[in-house]
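**Q** Structure for the following, please:
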Amino acid sequence: MELYIEQTLQQGIAAHKEGKIHDAERFYRAILECQPTHADANYNLGLLTSSANKVDVALPMFKIALEADPKNERFWFSYIDALIKEKQFDNASHVLERAKSQVLNREKLGVLELQLDSITMARGINFEAPSQQNINRLLEYYKNGRYGDAKHLAVSITEQFPQHQFSWKVLGALLIQTGEISDALKANQIAVALDPQDAEARSNLGVTLKELGRVDDSVEHLKQAIELNPVNLKARISLDTVTSSIVPSWHFSMMHDEVRNNAYFDAIKLAVGEGECVLDIGAGSGLLSLMAAASGAKKVIACETSRTIAQATKAIIESNGYEKAISVVNKHSTDLIVGKDLPQRADVIISEILSSEFVGEGVRTTILDANKRLLQKGGTMIPQSGTIRIALIDNSPEIFEKTSVADVHGFDLSKFNSISQRKFTPYLADKPVLLSNSEDAFKINLYDSSEVVGEEKVIKLKANKGGLCVGLIQWIWVHLYKQIEYENKPGENNSHWRTPVYLFDEPVAVQAGDVIEVKAILTNDYVWFCQVINTK
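**A** Coordinates of the predicted model:
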């Protein structure tokens, strides 16, 4: 019976997505005949019914779904929204208060609360709209860049006519223009609360949240704006900007890095014992968590700070059938609480929060905290240590093209080099020529329980061949577990980790045996190299 219900549900969902409403309804009702309290069938049928403007019929379906699965935030939001549409405002307020006790999206709850507040405020007040003359004047001020006059008029209109949604939209746009982002957020939230189906208002709210750095909340509203109006170009461009900041393109090359994946999987299979508890810090797609579960872990906690990524991680884990073994926690690992977020201290902690410089993603402070609070005494860490390595690098057409400029179409552009950065992280198609043996600049022990401190040193790099040294190139060596290690030495594997190039102020002609002194600096979460210039 369970298999029949699951198959029927998937058929219903597929028909629903394809717009085959009658077929979807038939599948959902077939499930409810066998199991009247089935959460997803009730909820999905409620959505279909509500979209047909039969909210009164959908309301009990949303209620049944919520009672069957009170941990599903979608059920809460749809039930409250239906209560509001049915003008059951007191009941909606009561359910909203109950929802606050759950771990729910505070932004969505805030919008519903604003909507209820505005309705409560509206009882007994004058619903007259502002004059068309005032609206025209407001738009004229805005169009002509008279933002001060426009803001003054918009504030006056919203105070006099608090239910006039368009005025709140204009006010929100004005406040963005004048840099008053926090006030713009409130205005745009009210605009959305007054008309949740207004795609432009949703888009404006999403853009405002982006400006405030609340990227996960921004994504949700921008996606809703696009659902309401698929040709909303502003929302699509903003969504692409936000998602690229949440999920930079290097995630994809990382997931396809076969050498890195094989090394991690080999280490995990060796380290993870049957029935052990594993913590995956910076879970991303959930790949390492899946590897741990497949290796016999009893419980895996996938810790991910981005809500957008965490939601995708959860879906990936469920689609692979590991939802019972892996739990996704949307927190920074430093906020995890043993006994609440994870059942016990982990037997194994896995992390892949390494940058091309090894440091740069908070790995040192994050792992130090995990060592102290989250790892069992004698537990295992993957990776266990790492080394930042450097070598002198020869000039080459590819290096020059990606870091400098000279003559272009007969014009000398070399002065542009004086304003460029000294550090580059190019993708190098050709194997670079190293002019020295590699040197270990810094060694990092991830089991070290002492406080993170900075370090400075001078490293002498001895040329082993002649050439024009333009600087040095840096890469990482990682000790994962036991004999398993990983190194992205330049030109030796197609690693997703780039190999940064640090240019000297001026190229140096070297012969075999020449020594160049380099100052190396390691801070809590940053590394830098530059040539030591002897002024004597």
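
**Q** contacting residues around Q511?
**A** Shown here is Q511, whose contacts under the criterion CB atoms under 8 Å, 6 or more residues apart in numbering are A463, G466. Where you see a C-beta, it was placed from the backbone N, CA and C, and this is true even at glycine.

**Q** can you do 10 Å?
**A** Q511 sits next to L435, A463, K465, G466, G467 when contact means CB atoms under 10 Å, 6 or more residues apart in numbering.

**Q** what about the fourth one, how many residues close to it?
**A** The one in question is G466. Counted with other CB atoms under 10 Å, the neighbours of G466 add up to 14.

**Q** okay but it is in contact with D514, surely?
**A** Yes - counting by CB atoms under 10 Å, D514 is a contact partner of G466 at 8.5 Å.

**Q** which neighbours do the two share?
**A** Contact with both G466 and D514 is made by residues L435, according to CB under 10 Å, 6+ apart.

**Q** Sticking with L174, tell me its helix or strand.
**A** Using DSSP states H and E, L174 maps to helix 165-177.

**Q** Can you name the next helix or strand after that helix?
**A** Tracing the chain past helix 165-177, the next element assigned as helix or strand by DSSP H and E is helix 181-194.

**Q** give me phi/psi at L472?
**A** Backbone torsions of L472, given as degrees, to the nearest 10, read phi -130, psi 160.

**Q** Around it, count how many other residues there are.
**A** 27.

**Q** Identify the bridge partners of it.
**A** Here L472 sits in beta bridges with L392, Y502, going by DSSP bridges.

**Q** Next, the contact list for it, please.
**A** 390-393, 434-436, 439, 441, 459, 461, 500-504, 516, 518, 520, 529-531.

**Q** Tell me the pLDDT of L109.
**A** We have a pLDDT of 67 for L109.

**Q** so how far is I226 from N261?
**A** Noted for N261: a distance of 33 Å to I226, by CB to CB, to the nearest Å.

**Q** and if you look at D280?
**A** Using CB to CB, one gets 31 Å for the distance from D280 to I226.

**Q** Pick out whichever of those two has more residues nearby.
**A** For D280 and I226, the more surrounded residue by other CB under 10 Å is D280, and the numbers stand at 33 against 20.

**Q** strands paired with the helix or strand that contains the more buried one, and their directions?
**A** If you go by DSSP H and E, D280 is part of strand 277-281. Sheet pairing here is set by DSSP bridges, and for strand 277-281 it gives strand 299-303 (parallel), strand 346-351 (parallel).

**Q** Could you identify which of the ones you listed is most buried?
**A** For these, average neighbour numbers computed from mean count of other CB atoms under 10 Å are highest in strand 299-303, which has a mean of 27.

**Q** Could I get the average pLDDT for it?
**A** Within the predicted structure, the mean pLDDT of strand 299-303 is 97.

**Q** Tabulate the strands paired with strand 277-281 in TSV, adding columns for distance to G379.
**A** Output for the strands paired with strand 277-281, formatted as TSV (distance: least, CB to CB, whole Å):
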stretch	distance to G379
strand 299-303	14
strand 346-351	5
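
**Q** if I look at the nearest residue to D257 once chain neighbours are set aside, how far off is H164?
**A** Taking CB to CB, 6 or more residues apart in numbering as the measure, D257 lies nearest to H496, with 4.3 Å between them; neighbours along the chain are not counted. When distances are taken as CB to CB, H496 and H164 turn out to be 52 Å apart.

**Q** what sits against the residue nearest to D257?
**A** Taking CB under 10 Å, 6+ apart as the contact definition, H496 lies against W250, H251, F252, S253, M254, M255, H256, D257, V259, R260, S356, N488.

**Q** Thanks again, I'm all set now.
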